[in-house]
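Student: Here is my input; please provide its structure:
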Amino acid sequence: MSQTTFQGSLVALVTPFRNGSVDETKLRELVEFQITHGTDGLVPCGTTGESPTLSHDEHKRVVEIVVETARKRVHVIAGTGSNSTAEAIDFTKHAERAGASGALVVNPYYNKPTQEGLYRHFRAVAESVTIPIVTYNIASRTAVNVETSTMARLARDCSNIVGVKEASGSLDQMSQVIAACGPSFSVLSGDDNITLPLMAIGGHGVISVIASNRDPNVTAAAPPAGRPDARAAALVVAGAAGRMGTRIVVLARDTPNVRVVAALEAPGHRALGADVGELAGIGPAGVTLDSDAAAAITADRVLVEFSVPDASLEHLRLVAAAGARAVIGTTGFSAAQRTEIAALARRAAIMQTPNMSVAVTLAFKLLPIMAKALGDDYDVEITEIHHRFKKDAPSGTAVRMAELVAEALGRDLGKVGVYGREGLPGERTLQEIAVMSLRSGDVVGEHTVSFGTLGERLELTHRAHSRDTFGRGALRAARWIVGQPPGLYSMADVLGLG
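Tutor: As a prediction, the model looks like this:
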């Protein structure tokens, strides 16, 4: 099963004409109108777009215009079906070249193929491309129904057949497809008036005609009952086979309004191709560990990453290019890398913090107050302890604590920071801000900021007992950032403390 899941309210676009030709200006305006009013995806050249009456050149041009205008802000699923397998392959290959997110392939009409013929037709189209395929089952227009056993066979055998636009009119059949093909197989309503019942039994959304001809808000404004918000955080978990990545997968399963739709690891990783649920120990999740970050990071998704600076920065470049969003817990970025992240945040919403803990975020707010109140008479020493596998030192949290104290006291951390002592360094100066790193066993993370003077010492300590502390914070941030415009945010912004 592919990792792509289409869901929400997707609009079946009409094709505007003027004087016998496609009105390209009005088509672009229509795309902008739909995106502005909150559609989750665009479907050009379906039946509503009068695909059977478009010439091949018109068909391909419409797809190109919609993809170009959408600029990856929403999914574009191009209608590419035909009763000719060769013609369907040609249209689908063109959609892939044009940059479509996926293709909608209708049952071969008029020919009335057998179930085996349907299977071979859809499989041939799917194997000709790498983009996701959504089949379109509409017996009333094609004179043939794709039976549940055939749909399940396609979902099993073709990794890029990821869903079906169901217009059979039978809720019983739709429920069977949901059960047979699994929770990550997108079952989308092909009839506006049956959308609510389908969602109630586990469907994923609708390819809507009402939204195209009337008002996209009719279906886009409120997610149908029976499922989480269609605009909930769709997570791309990078480093998904690592210590934090597996915990994110586990926690997301039980967190409202988040779902893992893609999982990434480095090329050559030994776990590539495995189900991330199996890797995390919770059973099949329907999401395969992959290394193709460019394919996984799309406009409607939130990258969640705890890894290494170079990998995270490369992924953030993809986030900015796609207009996606990101929650980054990676530490160890250089000054130049932090500058680039700030620049990328002008094109995408990025929440980057050295620590996702709610309590640590509160500590970040308290430290400047403590430092200013105590002043220069108090020595500042920061210690951090982490597990033996941590790669960077000091920890990003310790560095941020030192930065906050230095800013509050008006000191240049580059000049007064001390990161270890040995030999005969002499007496401690009053301006020093020391940061010491310890590595031991499986310690999740401990940070202590000590303010000491002659006669007393005040300490602020945070101890993390489980990585789930950081995972829950990351998921909270992912839900929050879905509704934010481009910008560079911190955990304080998520908590309303910014």
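Student: where does Ala232 land on pLDDT?
Tutor: For Ala232, the pLDDT comes out at 66.
Student: let me fix that: Ala478
Tutor: Reading off the confidence values, Ala478 has pLDDT 93.
Student: Can you give me the neighbour number for it?
Tutor: Other residues near Ala478 come to 28 when the count uses other Cβ atoms under 10 Å. C-beta here means a position set from N, CA and C on the backbone, and glycine is covered the same way.
Student: who touches it in this structure?
Tutor: With contact taken as Cβ atoms under 8 Å, 6 or more residues apart in numbering, Ala478 is in contact with Ala233, Leu235, Val258, Val302, Val304, Val327.
Student: Could you find the closest non-adjacent residue to it?
Tutor: Ala233 (4.2 Å; Cβ to Cβ, 6 or more residues apart in numbering).
Student: and the one you found, how far is that from Ala348?
Tutor: 15 Å (Cβ to Cβ, to the nearest Å).
Student: do the same with Gly281
Tutor: 32 Å.
Student: And the two? Which one has more around it.
Tutor: Legend: neighbour count by other Cβ under 10 Å for Gly281 and Ala348, higher for Ala348 (25 against 9).
Student: Spit out the contact partners of that one.
Tutor: Contact analysis of Ala348 by Cβ under 8 Å, 6+ apart lists Leu316, Val319, Ala320, Ala322, Gly323, Ala324, Arg325, Ala326, Pro486.
Student: Val258: neighbouring residues, count only.
Tutor: Around Val258 there are 25 other residues, counting by other Cβ under 10 Å.
Student: Skip the chain neighbours and tell me the closest residue to it.
Tutor: Nearest in space to Val258, with sequence neighbours left out and distances taken as Cβ to Cβ, 6+ apart, is Ala233 at 4.6 Å.
Student: I'd guessed that neighbour sits against Val302; true?
Tutor: Yes - taking contacts as Cβ atoms under 8 Å, Ala233 lies within contact range of Val302: 4.8 Å.
Student: Now the nearest residue to Asp392 once chain neighbours are set aside: phi and psi?
Tutor: Closest residue to Asp392 apart from its sequence neighbours, by Cβ to Cβ, 6+ apart: Gly332 at 3.5 Å. Gly332 adopts backbone torsions of phi 90, psi 10, taken as degrees, to the nearest 10.
Student: buried residues in stretch 36-43?
Tutor: Gly38, Thr39, Asp40, Gly41, Leu42, Val43 (16 or more other Cβ atoms under 10 Å).
Student: With respect to per-residue confidence, which of those is lowest?
Tutor: At the low end of pLDDT for the buried residues of stretch 36-43 is Gly38, which has 77.
Student: So that one versus Val11, what's the distance?
Tutor: Relative to Val11, Gly38 is positioned 10 Å away (Cβ to Cβ).
Student: Next: Lys391.
Tutor: Taken as Cβ to Cβ, the span from Lys391 to Val11 is 46 Å.
Student: So for these two, which residue has more residues nearby?
Tutor: Between Lys391 and Val11, counting by other Cβ under 10 Å, Val11 is the more crowded of the two (31 against 10).
Student: And Ile248, which helix or strand is it part of?
Tutor: helix 243-253 (DSSP states H and E).
Student: Drop anything exposed from the contacts of Ala348.
Tutor: Buried subset of the contacts of Ala348 (neighbour count, 16+ other Cβ under 10 Å): Leu316, Val319, Ala320, Ala322, Gly323, Ala324, Arg325, Ala326.
Student: could you dump those residues to TSV with secondary structure and distance to Ile481?
Tutor: TSV is the format used below for the buried ones among the contacts of Ala348 (DSSP: H, G, I helix; E, B strand; the rest coil; distance: Cβ to Cβ, whole Å):
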residue	secondary structure	distance to Ile481
Leu316	helix	13
Val319	helix	11
Ala320	helix	14
Ala322	helix	14
Gly323	coil	13
Ala324	coil	10
Arg325	strand	5
Ala326	strand	8
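Student: quick one: which of the buried residues of stretch 36-43 sit in strands?
Tutor: Assigned to strands by DSSP state E, the following of the buried residues of stretch 36-43 qualify: Gly41, Leu42, Val43.
Student: if we can go back for a sec, quick one: neighbours of the residue nearest to Val258, just the number.
Tutor: Neighbours of Ala233 using other Cβ under 10 Å come to 28.
Student: same question, the one 3 residues further on
Tutor: Applying the criterion other Cβ under 10 Å, we find 28 residues in the vicinity of Val236.
Student: per-domain residue ranges of the chain.
Tutor: What automatic domain parsing lists as the domains of the chain is 8-220, 233-352+469-494, 358-465.
Student: circling back: got JSON lines for the contacts of Ala348, with distance to Asp290 and pLDDT too?
Tutor: What follows is these, written out as JSON lines (distance: Cβ to Cβ, whole Å; pLDDT from 0 to 100):
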{"residue": "Leu316", "distance to Asp290": "18", "pLDDT": "97"}
{"residue": "Val319", "distance to Asp290": "17", "pLDDT": "96"}
{"residue": "Ala320", "distance to Asp290": "21", "pLDDT": "96"}
{"residue": "Ala322", "distance to Asp290": "16", "pLDDT": "93"}
{"residue": "Gly323", "distance to Asp290": "21", "pLDDT": "91"}
{"residue": "Ala324", "distance to Asp290": "16", "pLDDT": "94"}
{"residue": "Arg325", "distance to Asp290": "19", "pLDDT": "95"}
{"residue": "Ala326", "distance to Asp290": "18", "pLDDT": "97"}
{"residue": "Pro486", "distance to Asp290": "26", "pLDDT": "92"}
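Student: would you put the C-alpha positions of stretch 195-205 in CSV?
Tutor: Extracted in CSV, the C-alpha atoms of stretch 195-205 (Å, rounded to 0.1, in the frame of the first residue of the first chain):
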residue,chain,number,x,y,z
THR,A,195,-20.9,11.9,1.6
LEU,A,196,-22.2,12.1,5.2
PRO,A,197,-23.2,8.4,5.4
LEU,A,198,-20.0,7.3,3.8
MET,A,199,-17.9,9.4,6.3
ALA,A,200,-19.9,7.8,9.1
ILE,A,201,-18.7,4.3,8.2
GLY,A,202,-15.1,5.3,7.7
GLY,A,203,-14.9,7.1,4.3
HIS,A,204,-12.2,9.7,3.7
GLY,A,205,-14.1,12.5,1.9
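Student: what about Ser208, distance to Ile194?
Tutor: Distance, Ser208 to Ile194, using Cβ to Cβ: 11 Å.
Student: Between those two, which is the more surrounded one?
Tutor: When Ser208 and Ile194 are compared on other Cβ under 10 Å, the one with more neighbours turns out to be Ser208, at 27 against 19.
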